[in-house]
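Peer 1: Prediction below, plus the sequence it came from.
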Amino acid sequence: MSALYDTIGLNYARLRQPDARISRAINDALGAAQTVLNVGAGAGSYEPANRQITAVEPSAEMIAQRPASRASVFQASAEDLPFADNSFDASMAVLTIHHWSDQQKGVSEMRRVTRAKIVFLTYDPAFRGFWLADYFPALVRLDEGQMPRMTDYETWLGAVNVTPLPIPHDCTDGFLAGYWRRPAAYLDERVRAAMSSFHALGDVSEGLGRLEKDLQSGAWAERYAHLLDLAEHDCGYRLVTAD
């Protein structure tokens, strides 16, 4: 993960601005926790301002993009957390677990250092993708290969609560589904550069060509007209919480 984000991280902080509605959902999920570990913290998105944060991130490039804050920051990986047992009230991992080299070990490490609640924002590979997968079907195979199933979290942590997290139509965070109602954004190389999935896909010129053609002809709007009036949309993202 470090090498990937050292490569794509150049404008990451500018294009991946935390969305306030997603922030509220994560903050609510953390409950009353005061000390929170953020694993795979990236540039610090979604770290609650009203709690004592410790951030772990393997990429020096991402750490360099963090805004000034009171968080303590460690360059380390999820699979080898440099903390004693039960060091934190809660831990969180936001859109990161699919990058871990050993997901089960990383989750086990989070459980080891956390006294109570663990919160993941992740993607359910059983969802089979939103409309973008019609143009880039390899996204579905990518998700199946990288993303833990919801049952995996139960195996690793015991009972979990899985809650759909609909994505707002004007989401300020440019992750993969952030532009679901703004399809032309995916034609912008700068936007795609902040999405790790596009880096994993490699050559996407064929899908981009079809998307551009459909936007110009009106075929996209005709096919997905039912989406254009929605304020939010379930694109497969889930909050997974364990006590």
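Peer 2: Looks like it came in fine. Residues are numbered from 1 along each chain as shown.

Peer 1: which residues of the chain score low on pLDDT?
Peer 2: Applying pLDDT under 70 to the chain flags residues 1-14.

Peer 1: run the last query once more with 80
Peer 2: When residues are selected by pLDDT under 80, those of the chain lie in 1-16, 143.

Peer 1: Identify the single longest helix in it, thanks.
Peer 2: helix 205-217 (DSSP state H).

Peer 1: name the helices or strands packed onto that one?
Peer 2: Applying 3 or more C-beta pairs under 8 Å, 6 or more residues apart in numbering; DSSP states H and E, one finds that helix 205-217 contacts helix 132-135, helix 219-223. C-beta coordinates here come from the backbone N, C-alpha and C atoms, glycine included.

Peer 1: Residue 97 is nearest to which of the ones you listed?
Peer 2: Within the helices and strands packed on helix 205-217, the stretch nearest residue 97 is helix 132-135; the backing value is 20.1 Å (C-beta to C-beta).

Peer 1: Which strands and helices lie in contact with that closest one?
Peer 2: By 3+ C-beta pairs under 8 Å, 6+ apart, helix 132-135 packs against helix 138-146, helix 205-217.

Peer 1: And these: which comes nearest residue 15?
Peer 2: Of all these, the one in closest proximity to residue 15, counting by C-beta to C-beta, is helix 205-217 (17.8 Å).

Peer 1: what's next to the closest one, contact-wise?
Peer 2: With C-beta atoms under 8 Å, 6 or more residues apart in numbering as the test, helix 205-217 has contacts from 135-136, 183-184, 186-187, 219-221, 223.

Peer 1: Quick check: which of the helices and strands packed on helix 132-135 has the most neighbours on average?
Peer 2: Most buried of the helices and strands packed on helix 132-135, by mean neighbour count (mean count of other C-beta atoms under 10 Å): helix 138-146, with a mean of 16.

Peer 1: Output that helix as CSV, nothing but the C-alphas.
Peer 2: What follows is helix 138-146 as a C-alpha-only set of coordinates in CSV (Å, rounded to 0.1, in the frame of the first residue of the first chain):
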residue,chain,number,x,y,z
ALA,A,138,-13.2,-5.5,-14.3
LEU,A,139,-14.2,-3.4,-11.2
VAL,A,140,-16.5,-6.2,-10.1
ARG,A,141,-13.7,-8.8,-10.3
LEU,A,142,-11.3,-6.3,-8.6
ASP,A,143,-13.7,-5.9,-5.7
GLU,A,144,-14.2,-9.7,-5.4
GLY,A,145,-10.5,-10.2,-5.3
GLN,A,146,-9.7,-7.4,-2.8
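
Peer 1: contact partners of stretch 43-50?
Peer 2: Contacts of stretch 43-50 with the rest of the structure, by C-beta under 8 Å, 6+ apart, involve 9, 12-13, 16-18, 22-23, 26-27, 30, 36, 38, 41, 53, 55, 62-63, 65-67, 69, 71, 92, 94, 121, 173.

Peer 1: Mind doing that once more with 6 Å?
Peer 2: Residues outside stretch 43-50 that contact it (C-beta atoms under 6 Å, 6 or more residues apart in numbering) are 12-13, 18, 23, 26-27, 38, 53, 62, 65-66, 94.

Peer 1: one step back: among the helices and strands packed on helix 205-217, which is nearest residue 199?
Peer 2: Closest approach to residue 199 among these (C-beta to C-beta): helix 132-135, 15.1 Å.

Peer 1: Send me the closest one as CSV with only the CA atoms.
Peer 2: In CSV, the C-alpha atoms belonging to helix 132-135 read as follows (Å, rounded to 0.1, in the frame of the first residue of the first chain):
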residue,chain,number,x,y,z
LEU,A,132,-19.7,2.5,-13.5
ALA,A,133,-19.1,-1.3,-13.7
ASP,A,134,-21.1,-1.3,-16.9
TYR,A,135,-18.2,0.5,-18.5
